[in-house]
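Engineer: Return a 3D structure for these sequence lines:
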Amino acid sequence: MSRFNVTEAAASRFREMIASDKHGREVIVLYWDRPKANLVRGPNGEVQWVRQTEGRWLVDLGKVENLKDQKTEIVGELQFFVVERLPVQKDRIDGCTIDYTAEGFRVE
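Structural biologist: This is a model prediction of the structure:
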């Protein structure tokens, strides 16, 4: 049993990415991009935090030989490497579903 699910639309897009990759990368790498905020000063010098981005999962490709000492996971016929950061991130991929739409990949 895998930690996460992949829809057929996402699996199809992953296969396309792997097939067209010029570097022969065949492992799907998933990593969490933390929320970002910028500190600015208000008109009276007060601190204001301006949210730039919400957190989100990002997708890249990697090579098996570069990840040989890392634990990868097979979902369907696709091989995944999930970058785990310490301390353990609040938004984990466990139990989520990866989908692909016209707007790109979505993790829910």
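Engineer: Output the lowest mean pLDDT helix or strand found in the protein.
Structural biologist: strand 47-53 (a mean of 80; mean pLDDT, DSSP states H and E).
Engineer: Can I get the strand or helix carrying residue 39 in PDB? Just the C-alpha atoms.
Structural biologist: Following DSSP states H and E, the helix or strand that holds residue 39 is strand 36-41. In PDB, the C-alpha atoms belonging to strand 36-41 read as follows (Å, rounded to 0.1, in the frame of the first residue of the first chain):
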ATOM      1  CA  LYS A  36       6.800  32.500   2.100                       C
ATOM      2  CA  ALA A  37       6.200  36.000   3.600                       C
ATOM      3  CA  ASN A  38       8.000  39.300   3.300                       C
ATOM      4  CA  LEU A  39       8.600  41.600   6.200                       C
ATOM      5  CA  VAL A  40       7.700  45.300   5.300                       C
ATOM      6  CA  ARG A  41       7.300  48.400   7.400                       C
END
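Engineer: Tell me what angle that strand forms with strand 47-53.
Structural biologist: Interaxial angle, strand 36-41 versus strand 47-53 (axes from the mean of the first three to the mean of the last three CA atoms, to 10 degrees): 150 degrees.
Engineer: before we move on, the earlier item: give the buried residues for the least confident helix or strand of the chain.
Structural biologist: For strand 47-53, the neighbour count (16 or more other CB atoms under 10 Å) marks no residue as buried. To be clear about C-beta, it is placed using only N, CA and C from the backbone, and glycine gets the same treatment.
Engineer: Can you identify the element that follows it toward the C-terminus?
Structural biologist: Where DSSP H and E defines the elements, the next helix or strand beyond strand 47-53 is strand 56-62.
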